[in-house]
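Asks: Any chance you could fold what I've pasted below:
(2 chains)
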Amino acid sequence: MFVEQIINALQIGSTYAIIAIAFTLLIGVLNLLNFAVGEIFMLGSFFALTFLFIGLPFWVAFILAIVLSGLVSLVVYYFSFDLLKGAPELIPLVSTLGFSILLQNAAGLIWGAERQAFPESISSSIVYFGPIGISPAQIAIFAVGILLMISLDQFIQKTRIGRGMRAVAENPRTANILGINSRWVIITTFFASGVLAGASGILFSISYFIVEPLIGFHAGIKAIAAMIVGGLGNVRGAIAGGFFIGFIEIMSMHFIGSEFRDIIVYALIFAALIVLPQGLMGVVKQEKGRI
Amino acid sequence: MLGINILLGWSVYLPISTAQASIGNAGFMAIGAYISSFLTLQSGCPLFFAIVVGGIMASFVGVLLGIPALRLKGIYLVMATLAFGEMVRNIFLNWEFFGGAYGMRGMKGTSLFLVYLWVFVALFCFFLLSRSRLRLAFDSIYDDEAVSQLTGTNIVKIKVAAFGFGALLAGIGGGLYAHYMRFIEPGSFTVLLSIYMLLFVILGGMRSHWGPVLGAAIFTLVPEISRGLKDYRGVFLGGLIICLMIFRPKGVITRDLFKMMFYLPKKKG
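Replies: Below you'll find the predicted structure:
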């Protein structure tokens, strides 16, 4: 029983970790809290639903949906960041709030405001390995999650654009002087953030079988919590934070009762911000720079 | 409703004029609403008194929140207040004493007079504020906190006070709201409401107390006017916010606008 709870926690934790990375990329590189990420999470799930409805195979639908989510993120970039260059930091934030309202309502118009069933694309019937029950869907979610995290981490650490991202995160002006095309780097960051948010939305819908326009908002808050716990603007911290929040959520639901789940998560955000503004990972010395 | 929205807008305006952006004010509003409705329903105390008590309780919590909030800036504070607002909402949601998810109902309605009495009291206070030295202290904190502290402003006191009075206004607004709507439930005090409050201020203009008035008016009237758009209202509102941020990032009412309109003499340094 306890082992199954841990498996559940890993499953939901990898979803939270990915959307937390989507938030954290933008905070780390641009110091922008983008509320539209939660909405892109929801859109990713709806895109996948539509593609599956047309009858595309799951992996094609998955890839098309995450690319479309990335494109939506670029639209947000253009209107909420590019056009607002030089404004105080609160202004892009408010603009992304506007996008959040817009996308949420648009999704309600296109797909309907009610809760919809997400087709069971990967079998969720439980297979027993000895005493431990696990479903192929859970394995797939975890595997895709880990794959995305590792590839993003390698992208940031090893590629040229990834190095550019780290440079812009340290200081955009110096990065420009050193010959990094910071605009291109920022566009890539937004695209990556959108792709991750969309992927996370699809994984979420696979595990809970539902899509509705409101899921993005709640997931967004959980992701913000994960990011704060893990240390803002730090990808590895966000991963740790995502799993941590997933773990806390499942365990408090299991041992204390589901009605206290949200209170515990919010109290945790608040306490983490006040006591450990650097996050759990911030306590461990960071030698690799900001993201 | 417009009067209540104006009060709520001001409740965010006060902390924001000391550079503390808050999206947890629905939490304060919920505290004011629940306490005042509890008082009028259970102990039959007069409405005016109940609203004052609700407001004071909210401002007490506001001061408690304001002290740790001093450590946080910018987006960090936004996230902390977000967490606070949702925490308060979830506590009321699970507290059977206050009706849990069903909320409370049966409060007596307020009169328009009472709402606008509070609006005018608050407006008068803002008028006094805008003529006082405190206004300069607020401005100096907004512009540069470190310099302001160096020149001898007690930033701790002022920032916490701004937070506390903001919470007081939110609590009063919450009490009025509860007695206007005649029933309250935790679902009325979501983050979305706090976000709207912040938008009143930012769209209207965050450097003048007339800004939130205009912002609240826009937000109260636009949904009424655009009723013909039906389902597209939310999309329209979101688009409006994005456009306003692009074309008028400092809000509709700025101080330059005042200078242009009234030829106010420039403030002495």
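Asks: Check the offset of the strand or helix carrying residue B:33 from the chain's centre.
Replies: Secondary structure from DSSP states H and E places residue B:33 in helix B:25-42. Average the C-alpha atoms of helix B:25-42, do the same for its chain, and the two points are 15 Å apart (Cα atoms, centre = their mean, to the nearest Å).
Asks: Show me what secondary structure element comes after that helix.
Replies: Towards the C-terminus, the helix or strand next in line after helix B:25-42, according to DSSP H and E, is helix B:47-69.
Asks: If we go by neighbour counts, what in that next one is buried?
Replies: Of the residues in helix B:47-69, those buried under the neighbour-count criterion (16 or more other Cβ atoms under 10 Å in any protein chain shown) are B:47, B:50-59, B:61-62, B:65-66, B:69. No exception for glycine: its C-beta is placed from N, CA and C like everyone else's.
Asks: pLDDT value on residue 36, please?
Replies: Assuming you mean chain A. With respect to pLDDT, residue A:36 scores 90.
Asks: think we crossed wires, I meant chain B
Replies: Taken from the predicted model, the pLDDT recorded for residue B:36 is 83.
Asks: again, but for residue A:125
Replies: Predicted confidence (pLDDT) for residue A:125: 69.
Asks: next one: residue A:268
Replies: The predicted local distance difference test score for residue A:268 is 76.
Asks: returning to that earlier point: just the angle between the helix holding residue B:33 and helix B:47-69, please?
Replies: On the basis of axes from the mean of the first three to the mean of the last three Cα atoms, to 10 degrees, helix B:25-42 is oriented at 150 degrees to helix B:47-69.
Asks: Show me which positions of helix B:25-42 end up buried.
Replies: By neighbour count, and taking 16+ other Cβ under 10 Å as the criterion, the buried residues in helix B:25-42 are B:25-41.
Asks: for it, packing partners?
Replies: Using 3 or more Cβ pairs under 8 Å, 6 or more residues apart in numbering or on different chains; DSSP states H and E as the contact definition, the elements that helix B:25-42 packs against are helix B:2-16, helix B:47-69, helix B:74-94, strand B:104-105, helix B:155-181, strand B:183-184, helix B:191-204.
Asks: Let me know the angle separating it from helix B:155-181.
Replies: Direction vectors for helix B:25-42 and helix B:155-181, defined by the same axes, to 10 degrees, enclose an angle of 50 degrees.
Asks: what's the angle between helix B:25-42 and helix B:191-204?
Replies: Using the same axes, to 10 degrees, helix B:25-42 lies at 120 degrees relative to helix B:191-204.
Asks: what's the angle between helix B:25-42 and helix B:74-94?
Replies: Computed with the same axes, to 10 degrees, the direction of helix B:25-42 lies at 30 degrees from that of helix B:74-94.
Asks: Need the CA coordinates for helix B:25-42. CSV is fine.
Replies: The C-alpha trace of helix B:25-42 is given here as CSV (Å, rounded to 0.1, in the frame of the first residue of the first chain):
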residue,chain,number,x,y,z
ASN,B,25,-6.3,40.5,-0.8
ALA,B,26,-9.3,38.3,-1.4
GLY,B,27,-8.0,36.6,1.8
PHE,B,28,-8.5,39.8,3.8
MET,B,29,-11.8,40.3,2.1
ALA,B,30,-12.9,36.8,3.1
ILE,B,31,-11.9,37.5,6.7
GLY,B,32,-13.9,40.7,6.8
ALA,B,33,-16.8,39.1,5.2
TYR,B,34,-17.0,36.0,7.4
ILE,B,35,-16.4,37.9,10.7
SER,B,36,-18.9,40.6,10.0
SER,B,37,-21.6,38.1,8.8
PHE,B,38,-21.0,36.0,11.8
LEU,B,39,-21.5,39.0,14.1
THR,B,40,-24.7,40.1,12.4
LEU,B,41,-26.2,36.6,12.1
GLN,B,42,-25.3,35.1,15.4
